[in-house]
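Undergrad: Build me a model from this:
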Amino acid sequence: MFEGRLFRILAALAGLWFVFLCRVLLLQTTGAEEARREVEDRRTVSALLPPTRGTLRDADGKVLARDDLGFELLADPRGLGAATFECLSCARRFVTFESDPGPGADEAPPAPAAPPAACTCASSAGFRRVESDAAERLAALLGEEPAALAARLDALRLRGWTVARARAREKGERWRKLTLQDWTTRRRSVAREVPREVALRVSLDPEGFRGFAVEARALRRLDPDMDPNTRVLLGTTGPADARDTARLLGEGLTRQEILAVSVGRSGVERAFDGALRGEFGRESAYRDLHGSVLSRETRDPVVDGEDLRLTVSDALNGAARGILGGSRGALVAMDPRTGAILAAAGNDGPEGGGVFPPAAGYLPGSVFKVLTAAVALEGDLAPGAGEVECRGARSRPLPCSHDHGRPGMREAISGSCNAYFGETALRIGVRPLEDWARLLRIDRPPGLRLPGEGGGTDWTQALYRNEWERTDLANLGIGQGPVNLSPLQVAALYAAVANGGRPVTPHLVAGRGPAPGEPVFSPATLWTVRAGLEDTVLRGTGSGKGLEEFRFAGKTGTAQVKKGPPGERRLHAWFAGYAPAEDPRIVVVAVLLDQQESGGDAAGPLVAEFLRAWRRAGEGR
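TA: This is a model prediction of the structure:
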């Protein structure tokens with residue numbers, strides 16, 4: 001009996017030994033490869049290689065924005081030390097107890113209480129952080145007060161500290177351990193850019209600056225002498241927000257790449273973000289058991305962002321801003337052959353701020369009559385000479401500022417006859433005007449991603465549930481109806497007249513704008529309209545403004561925003577046209593808002609002054 005029990009015990013031990021040997025053999029044969037791969041994975045590190053964002057230059061080759069090496073100062077929550085609380089009230093305002101003998105587990109925590117009168121906590125925040133003097137030394141390097149830097153660190157809400165020890169002296173009770181609420185181990189930026197000397201000191205003395213680190217990053221450098229209007233056209237960049245993240249994920253970027261990239265927020269930086277951003281590369285580094293890098297291998301090369309050249313001249317923008325002075329308005333110049341914007345300056349008046357006027361839509365007034373004239377001529381609907389009688393203020397369907405008699409189209413353009421164009425609009429109707437605006441690409445904003453960008457000609461029945469009233473339709477024909485156009489859109493309209501009837505789209509980047517369309521106006525239409533615009537400057541509402549020397553052809557506009565006696569009325573004063581009339585190379589549009597004078601008197605001299613600046617700069621580089 002004893003021998004049988006001993007035999008069973010030995011057999012069980014032999015079975016266990018056999019299972020153990022089989023397990024070892026299995027690990028040696030099947031687990032070795034997995035273990036080897038795990039070790040290899042730990043010794044192989046993959047890193048992103050960020051691209052350099054493309055450089056932006058103006059039409060003259062001046063560098064406006066470029067990426068440059070900079071240094072960002074980061075704070076690591078795991079290395080910033082412990083926190084000491086002198087009272088339980090202060091502790092409960094900022095931390096949660098790991099083991100809190102206060103309220104029960106199912107009870108809500110008490111509301112934050114004000115520190116007791118006897119509280120000796122050092123900071124107004126209610127707690128004192130016990131850490132090394134790294135922050136104090138860093139504040140000295142940065143030229144800041146230590147208290148100011150400490151406040152910035154508090155404001156960052158650096159999360160993830162494990163408070164090694166906290167004391168609460170309320171009622172003599174001692175708490176062993178507290179942890180901050182809202183926790184994570186992500187490093188946070190303390191300063192987006194620090195001097196190279198500071199970066200070197202922090203990097204070379206990690207123990208002395210425990211809790212802080214420096215990372216080399218590409219920072220966007222802007223020309224400090226750039227005109228403010230050029231800066232608006234250029235746009236801004238910044239970290240990706242939630243909307244940017246969704247868009248970039250849709251473009252195939254990973255979340256790690258999105259965290260490492262700056263995206264365009266407005267202007268050219270936003271409109272051409274993909275081209276400027278480039279593509280990330282990837283590098284693998286193989287380390288030894290001590291962490292030293294043995295070799296590197298580039299798996300995907302970096303594709304830097306594309307350099308772009310703007311069509312705008314920063315010098316011309318500065319000249320345009322100086323010409324506007326303290327007036328609220330805008331001045332735009334365009335190449336009529338391509339739609340390239342040569343200058344786009346805006347000013348919101350002496351106080352500044354607000355929307356950027358060249359991109360915003362305004363009531364166009366009589367500069368809109370060019371569209372009415374061309375549509376009528378193309379449809380053979382223009383009243384002939386003698387068909388419309390203008391009797392000044394007694395005219396129908398609209399009153400006029402002068403008695404023009406019985407003008408034809410050419411005379412009506414040069415004299416800006418409201419009676420003639422009011423009757424013309426009644427003959428045309430709403431839909432043809434809207435269709436031609438769409439054909440000429442001025443029915444909507446050009447999509448330049450500029451602040452306040454607007455303007456359009458959406459004259460749908462949503463605006464008027466019933467049929468249009470005669471007065472409303474007549475007013476539409478003279479630019480006083482439900483239509484807003486930006487100076488950029490007006491420039492595109494006049495460019496089509498100047499270049500032989502080819503629609504253009506305003507654009508800011510050389511070689512990146514939509515191609516001009518096919519001619520949409522007949523030669524007869526163009527001859528009549530252009531003759532009327534030349535007469536406007538020679539003997540019409542735009543004469544005597546100094547534009548004759550440039551062979552300028554244009555149209556004045558005075559949009560009535562608010563009627564009333566002088567001093568109370570509000571007018572938008574426009575002047576739009578091109579030069580030289582026989583071979584146009586530039587379109588200029590000026591608008592001054594909330595004026596008391598007409599477009600010819602207020603805006604005409606500004607156009608002449610800008611053309612002089614353009615001529616001094618080389619007449620269309």
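Undergrad: By mean pLDDT, flag the weakest helix or strand of this structure.
TA: strand 162-163 (a mean of 35; mean pLDDT, DSSP states H and E).
Undergrad: so what's Glu269 scoring on pLDDT?
TA: Glu269 is assigned 93 on the pLDDT scale.
Undergrad: Enumerate every residue touching it.
TA: Leu56, Ala65, Leu234, Gly235, Thr236, Thr237, Leu276 (CB atoms under 8 Å, 6 or more residues apart in numbering). Using the backbone N, CA and C atoms, a C-beta is placed for each residue, glycine as well.
Undergrad: shaky segments in this protein?
TA: The chain contains residues with pLDDT under 70 at 1-7, 24-47, 76-132, 151, 154-187, 285-298, 349-357, 455-468, 563-569, 619-621.
Undergrad: List the pairing partners of the longest strand along it within its sheet, with orientation.
TA: Secondary structure of the chain per DSSP state E: the longest strand is strand 63-75. Strand 63-75 has the following sheet partners, assigned by DSSP bridges: strand 56-57 (antiparallel), strand 188-191 (antiparallel), strand 212-222 (antiparallel).
Undergrad: Using a markdown table, lay out these together with mean neighbour count and distance to Pro446.
TA: Shown next, in a markdown table, are these (neighbours: other CB atoms under 10 Å; distance: least, CB to CB, whole Å):
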| stretch | mean neighbour count | distance to Pro446 |
| --- | --- | --- |
| strand 56-57 | 23 | 19 |
| strand 188-191 | 17 | 36 |
| strand 212-222 | 17 | 24 |
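Undergrad: out of those strands, nearest to Thr536?
TA: strand 56-57 (37.2 Å; CB to CB).
Undergrad: Just the buried residues of the host helix or strand of Val588, please?
TA: Secondary structure from DSSP states H and E places Val588 in strand 586-595. For strand 586-595, a neighbour-count test (16 or more other CB atoms under 10 Å) marks Ile586, Val587, Val588, Val589, Ala590, Val591, Leu592, Leu593, Gln595 as buried.
Undergrad: ok, the residues you listed vs Arg530, which is closest?
TA: Arg530 lies nearest to Val587 out of those, by CB to CB, at 12.9 Å.
Undergrad: where does the residue nearest to the spatial centre of the chain sit relative to Gly452, distance-wise?
TA: Using CA atoms, centre = their mean, the residue of the chain that lies closest to the mean C-alpha position is Ser266, 1.1 Å off. Counting by CB to CB, to the nearest Å, the gap from Ser266 to Gly452 is 11 Å.
Undergrad: again, but for Leu426
TA: The gap separating Leu426 from Gly452 is 34 Å, by CB to CB.
Undergrad: Likewise for Glu597?
TA: For Glu597, the distance to Gly452 equals 25 Å [CB to CB].
Undergrad: do the same with Leu21
TA: Applying CB to CB, the value for Leu21 to Gly452 is 80 Å.
Undergrad: neighbour-wise, which of those two wins?
TA: Set Leu21 next to Gly452 and count neighbours by other CB atoms under 10 Å: Gly452 wins out with 17 against 10.
Undergrad: secondary structure element for that one?
TA: Judged by DSSP H and E, Gly452 forms part of no helix or strand.
Undergrad: correct me, but it touches Ala360?
TA: Yes: applying CB atoms under 8 Å, one finds Gly452 in contact with Ala360, separated by 4.3 Å.
Undergrad: For Met334, grab phi and psi.
TA: For Met334, the backbone dihedrals are phi -140, psi 150 (criterion: degrees, to the nearest 10).
Undergrad: The residue nearest to the centre of the chain - nearest residue in space that isn't next to it in sequence?
TA: Gly235 (4.1 Å; CB to CB, 6 or more residues apart in numbering).
Undergrad: That neighbour: neighbour count?
TA: Per other CB under 10 Å, the neighbour tally for Gly235 reads 23.
Undergrad: How about the contacts made by it?
TA: Gly264, Arg265, Ser266, Gly267, Val268, Glu269, Arg270, Ala271, Arg449.
Undergrad: All the strands of the stretch 501-621 of the chain, residue numbers only.
TA: Using DSSP state E, counting those that start in this stretch, the strands found in the stretch 501-621 of the chain span residues 553-562, 570-579, 586-595.
Undergrad: measure Glu597 to Ile478 for me?
TA: Going from Glu597 to Ile478 by CB to CB gives 18 Å.
Undergrad: Of those two, which one has the most company?
TA: Legend: neighbour count by other CB under 10 Å for Glu597 and Ile478, higher for Ile478 (26 against 14).
Undergrad: Any chance of the backbone angles for that one?
TA: According to degrees, to the nearest 10, Ile478 has phi -110, psi 20.
Undergrad: can you tell me which residues contact it?
TA: Per CB under 8 Å, 6+ apart, neighbours of Ile478: Gly365, Ser366, Phe368, Lys369, Thr372, Leu398, Asn418, Phe421, Gly422, Ala425.
Undergrad: helix/strand/coil for the fifth one?
TA: In terms of secondary structure, Thr372 is helix; the call rests on DSSP: H, G, I helix; E, B strand; the rest coil.
Undergrad: for the third one, same thing?
TA: Put simply, Phe368 is helix when judged by three-state DSSP.
Undergrad: got the contact list for it?
TA: Gly477, Ile478, Gly479, Val483, Leu485, Gly557.
Undergrad: same deal with Pro432?
TA: Val375, Gly379.
Undergrad: What strand or helix carries it?
TA: Per DSSP H and E: Pro432 is located in helix 430-439.
Undergrad: Alpha carbons only: can I get that helix in CSV?
TA: Provided in CSV are the C-alpha atoms of helix 430-439 (Å, rounded to 0.1, in the frame of the first residue of the first chain):
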residue,chain,number,x,y,z
VAL,A,430,-33.8,90.7,-62.5
ARG,A,431,-32.8,87.4,-63.9
PRO,A,432,-30.5,88.6,-66.7
LEU,A,433,-28.6,90.8,-64.3
GLU,A,434,-28.1,87.9,-61.9
ASP,A,435,-27.1,85.5,-64.7
TRP,A,436,-24.5,87.9,-66.1
ALA,A,437,-23.1,88.6,-62.6
ARG,A,438,-22.6,84.8,-62.2
LEU,A,439,-21.0,84.6,-65.7
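Undergrad: what separates it from the chain centre, distance-wise?
TA: 31 Å (CA atoms, centre = their mean, to the nearest Å).
Undergrad: Give the buried residues for that helix.
TA: Across helix 430-439, burial judged by 16+ other CB under 10 Å covers Val430, Pro432, Leu433, Glu434, Trp436, Ala437.
Undergrad: residue contacts, the closest residue to the third one other than its chain neighbours?
TA: Excluding the flanking residues, the one nearest Leu433 by CB to CB, 6+ apart is Val375, at 5.8 Å. By CB under 8 Å, 6+ apart, Val375 lies in contact with Leu381, Ile428, Pro432, Leu433, Trp436.
Undergrad: I'd assumed Gly481 was in contact with the fourth one.
TA: Looking back up the chat, that one is Leu433. No: using CB under 8 Å, Leu433 makes no contact with Gly481, being 9.4 Å away.
Undergrad: re earlier: format the contacts of Ile478 as JSON lines; extra columns: distance to Trp574.
TA: Formatted as JSON lines, these follow (distance: CB to CB, whole Å):
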{"residue": "Gly365", "distance to Trp574": "6"}
{"residue": "Ser366", "distance to Trp574": "7"}
{"residue": "Phe368", "distance to Trp574": "9"}
{"residue": "Lys369", "distance to Trp574": "11"}
{"residue": "Thr372", "distance to Trp574": "15"}
{"residue": "Leu398", "distance to Trp574": "18"}
{"residue": "Asn418", "distance to Trp574": "15"}
{"residue": "Phe421", "distance to Trp574": "15"}
{"residue": "Gly422", "distance to Trp574": "18"}
{"residue": "Ala425", "distance to Trp574": "18"}
